[in-house]
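Participant: Here is a sequence together with a model predicted from it:
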Amino acid sequence: MTATTSTTRRVSTGSRVRTAIKYVVLSLLALLFISPLIFMVVTSFKTGADATAVPPSWIPAPFTTQAYEAILGSGNTPVLRWFANSMIAAVLNSALVVATASLAAYPLARMDFRGKNVVFGIIIATLLVPPVILVIPNYLIVSELGWLNSIVAVIIPTAAGAFGVFFMRQFFVSLPHELEEAARLDGANRWMIFTKVVLPLARPAMATLALLAFLTNWNDFLWPVYVLFNTEVQTLPAGLSTLQSANAVRYDLLMAGAVIASLPVLLLYVLLQRFIVEGVSRSGLKG
Amino acid sequence: MTSTVQAGAPSREGAPRPAGASRPASGPGGRIRQQGRFTPWLFLLPYLALFGVFVALPAVLGVWISLHNWDYTLPFQPFVGVDNYVDLFTSGSTTSEVFWNSMRATAIFTIGSVPFLLTVPLAVALLMAQKFRGRNFFRAVYFAPYVLGVAVVAVLWRFLLDSNIGLVNYYAGLLGLPDNTAWTTSTPAAWVALIGVTVWWTLGFNAVIYLAALQDIPQELYEAARVDGAGRWGQFVNVTLPGLRPILSFITITTLIASANMFGQSYLMTQGAPGRETRTAIYQIAETGLRSYQMGDAAAMSYVLTVFLMILSIGVFWLFRERKEKIR
């Protein structure tokens, strides 16, 4: 930036060309990322024959909503029901993650007590454990609890992950101690300090965690595919798999299903992009 | 900034430590000491209950299951000791062939995808690191596929990669390339497809982490390098890469583990085809344990996979450590 001004004029043509090339590269890349999503939406408004026509066209002819009508009205593939299941699961799971993680992270960040390092160490260690070893035994545990084939199976067990605790602890650790001390001098106990002083400050962090937990749960695939076997209890990702096996090459229907499954997350992304991207980059820096 | 790096982090001066410097102070619990003996545990209780039942208990229960001939559909699960593990390492047994085939698939996918997942996002992040108009827009676009789930991504790409009517083969034909590649039913095309789709899907994730680390590298270091006569490449090698080192081991390990856990792409795009060639280890474990209900075998498989992953992670960690000391 502070580079010598005398050379600026000399390189300006070169740098302008370089800027142009850069924008061309950036735009081509952007096209590569966006065009599949556009084609997904376009295809969802085609007829079945149009969707598999060669050469493929970027404009539905005729434009129709029959794919949506077909999958929304079908008893074999109750997409609306899946949508509701996914929404209920993701909202409740996200709330559970934020509540339990905030509570647990606070003493780990701000209190001294015996066993703290042991507890924290054990929680850290599980971040290194590949989730695959938990799948089989968790299936048995969930089965014992009577949650197999029930939406509860995709709400509660997945809230036990360590990520939320780390995320919130990292935030609490960064708060200045003076705030708590002042409240303490006023006679507040730990619970009052937590609810009245700390939590209000933690709202942005909690919102980010809620968002990330919602996205994770909404998109979760392996676990729902195996624990939710009846069509009507499935979530959207598991439902898409059902939809695909029921309509192998009905790409109009599959794309309509994919659009419905992407809408809420894309909408959240467009509105709250900054929080999502920053939440992710912050979680990376933790390591 | 530097004043917050405190006890427990001996002599960190010298090389730039972006990740270390931005990490909040993790000192002892603070100056407020007094609270009831049970207070912290009351705060921890709800999470620890979840953690105990769905993380700690299954981690131990898994070992127990793996020592039994645990058929979920039968009333009795006889104890068989380490037989399930022995079977996995005995060629010709019922489980060893499917398992090692799936491990081979996982290895191919991991070796094929990790180099791209580490370098392509870095290139994108370097492109995005300068300030220019529209930067946030491009960042948002590149990250977008990541917010979609694997189910949407895989169903979408199976359509685009359809060998007869797919967009990819159509445009390949227009460019004079083969227009009948069986992307989802033949190898090596299926590997190219699975790796390509995974890069498309997750590029934004690593790019954003790289980008944050790049922005933490002090500009003065670049200026100093320029003064010393370093060109763009020199700056990259002498300033950028050392500055990224703390984050590199993190990204490498998480990317390795994510690739080794690949499941959805294979389940929805190729269904393991051709034959079982692209059926990954996770896929095989889930099918063995949760479709065929041979949970003892599946649990044993999952522990063998885990041991491999742990060795890999330790290896990566060690690799980055070594280099750091050599350079000092």
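Facilitator: Arrived safely, thanks for sending. Numbers count the residues shown, from 1 in each chain, chains lettered A, B, ... in the order given.
Participant: on contacts alone, who are the packing partners of the helix or strand B:P40 falls within?
Facilitator: Secondary structure from DSSP states H and E places B:P40 in helix B:39-51. Judged by 3 or more C-beta pairs under 8 Å, 6 or more residues apart in numbering or on different chains; DSSP states H and E, helix B:39-51 is in contact with helix A:79-110, helix A:116-127, helix A:190-192. Yep, even glycine has a C-beta here, placed from its N, CA and C like the rest.
Participant: Residue 100: what's its closest spatial neighbour, skipping adjacent residues?
Facilitator: Chain wasn't specified; assuming chain A. B:Y47 (4.1 Å; C-beta to C-beta, 6 or more residues apart in numbering or on different chains).
Participant: I was thinking of chain B, sorry if that wasn't clear
Facilitator: Spatial nearest neighbour of B:W100, chain neighbours left out: B:L88 (8.0 Å); criterion: C-beta to C-beta, 6+ apart.
Participant: same thing with A:V25?
Facilitator: Using C-beta to C-beta, 6+ apart, the closest residue to A:V25 is B:L127 (7.0 Å).
Participant: now A:F275
Facilitator: A:T208 (5.0 Å).
Participant: Kindly state the pLDDT recorded for that neighbour?
Facilitator: At A:T208, the model reports a pLDDT of 92.
Participant: Quick check: mean pLDDT of the helix holding B:P40?
Facilitator: Here the average pLDDT along helix B:39-51 is 95.
Participant: Residues contacting it, please?
Facilitator: A:99-101, A:103-104, A:106-108, A:111, A:113, A:116, A:119, A:123, A:126, A:156-157, A:159-160, A:162, A:165, A:190-191, A:194 (C-beta atoms under 8 Å, 6 or more residues apart in numbering or on different chains).
Participant: Just the buried residues of it, please?
Facilitator: By neighbour count on 16 or more other C-beta atoms under 10 Å in any protein chain shown, the buried set for helix B:39-51 is B:T39, B:P40, B:F43, B:L44, B:P46, B:Y47, B:L48, B:L50, B:F51.
Participant: which is the next helix or strand following that helix?
Facilitator: helix B:57-66.
Participant: helices or strands up against that next one?
Facilitator: So helix B:57-66, by 3+ C-beta pairs under 8 Å, 6+ apart, packs with helix A:132-144, helix B:295-327.
Participant: Assumed B:V199 was part of a helix.
Facilitator: Yes: counting by DSSP: H, G, I helix; E, B strand; the rest coil, B:V199 is located in a helix.
Participant: give me every residue that touches the residue nearest to A:F275.
Facilitator: Counting by C-beta under 8 Å, 6+ apart, A:T208 has contacts A:F167, A:F275, A:I276, A:E278, A:G279, A:R282.
Participant: tell me which element it falls in.
Facilitator: helix A:203-219.
Participant: Show me which residues of the very next helix or strand once past that helix are buried.
Facilitator: Downstream of helix A:203-219, the first helix or strand assigned by DSSP H and E is helix A:222-227. Going by neighbour count (16+ other C-beta under 10 Å), the buried part of helix A:222-227 is A:L222, A:W223, A:P224, A:V225, A:Y226, A:V227.
Participant: Confirm for me that the fifth one is in contact with B:A286.
Facilitator: Which is A:Y226. Yes: with contacts counted by C-beta atoms under 8 Å, A:Y226 reaches B:A286, the gap being 6.0 Å.
Participant: shared neighbours of the two, anything?
Facilitator: A:V135.
Participant: Report the angle between the helix holding B:P40 and helix A:116-127.
Facilitator: 20 degrees (axes from the mean of the first three to the mean of the last three C-alpha atoms, to 10 degrees).
Participant: send the alpha carbons of helix B:39-51 over as CSV?
Facilitator: Extracted in CSV, the C-alpha atoms of helix B:39-51 (Å, rounded to 0.1, in the frame of the first residue of the first chain):
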residue,chain,number,x,y,z
THR,B,39,-21.8,-24.7,41.6
PRO,B,40,-19.6,-25.5,38.6
TRP,B,41,-21.0,-29.0,38.5
LEU,B,42,-24.6,-27.8,38.4
PHE,B,43,-23.7,-25.7,35.4
LEU,B,44,-22.0,-28.7,33.8
LEU,B,45,-24.7,-31.2,34.6
PRO,B,46,-27.0,-31.0,31.6
TYR,B,47,-24.2,-31.2,29.1
LEU,B,48,-22.3,-33.9,31.0
ALA,B,49,-25.5,-36.0,31.1
LEU,B,50,-25.8,-35.8,27.3
PHE,B,51,-22.1,-36.3,26.9
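Participant: That helix to helix B:57-66, inter-axis angle?
Facilitator: Counting by the same axes, to 10 degrees, helix B:39-51 lies at 40 degrees to helix B:57-66.
Participant: gap between helix B:39-51 and the chain center?
Facilitator: 29 Å (C-alpha atoms, centre = their mean, to the nearest Å).
Participant: repeat for stretch A:38-50
Facilitator: 26 Å.
Participant: near chain B, anything from that stretch?
Facilitator: Yes: against chain B, stretch A:38-50 shows contacts by C-beta under 8 Å from any C-beta of the partner chain at A:F39, A:M40, A:T43.
Participant: Just the residues contacting that stretch, thanks.
Facilitator: Outside stretch A:38-50, the residues that reach it (C-beta under 8 Å, 6+ apart) are A:51, A:56-68, A:250-253, A:255-256, A:258-259, A:262, B:156, B:159-160, B:167.
Participant: Now the buried members of those residues.
Facilitator: Using 16+ other C-beta under 10 Å, the buried members of these are A:51, A:56, A:60, A:64, A:67-68, A:250-253, A:255-256, A:258-259, A:262, B:156, B:159-160, B:167.
Participant: now, which of those lie within helices?
Facilitator: Judged by DSSP state H, the buried ones among the contacts of stretch A:38-50 include A:51, A:67-68, A:251-253, A:255-256, A:258-259, A:262, B:156, B:159-160, B:167 as members of helices.
Participant: What is the most widely separated pair among those residues?
Facilitator: Largest separation among those by C-beta to C-beta: A:Y68 and B:L167, giving 21.4 Å.
Participant: need the contact list for the one residue sitting closest to the centre of chain A.
Facilitator: In chain A, the residue lying closest to the centroid (C-alpha atoms, centre = their mean) is A:L215, at 1.9 Å. Contacts of A:L215 were listed using C-beta under 8 Å, 6+ apart, and they are A:V265, A:L268, A:I276, B:V147.
Participant: just these: which has the poorest pLDDT?
Facilitator: A:I276 (85).
Participant: And for B:L161, nearest residue in space, chain neighbours not counted?
Facilitator: B:W183 (3.8 Å).
Participant: Would you confirm that that neighbour contacts B:L167?
Facilitator: No: at 11.2 Å, B:W183 does not count as touching B:L167 under the criterion of C-beta under 8 Å.
Participant: And for A:T195, the neighbour number?
Facilitator: Residues lying near A:T195 (other C-beta atoms under 10 Å in any protein chain shown) number 11.
Participant: Could you look up the SS state of it?
Facilitator: A:T195 ends up helix, using three-state DSSP.
Participant: And B:S93, by the same measure?
Facilitator: Relying on three-state DSSP, one would call B:S93 coil.
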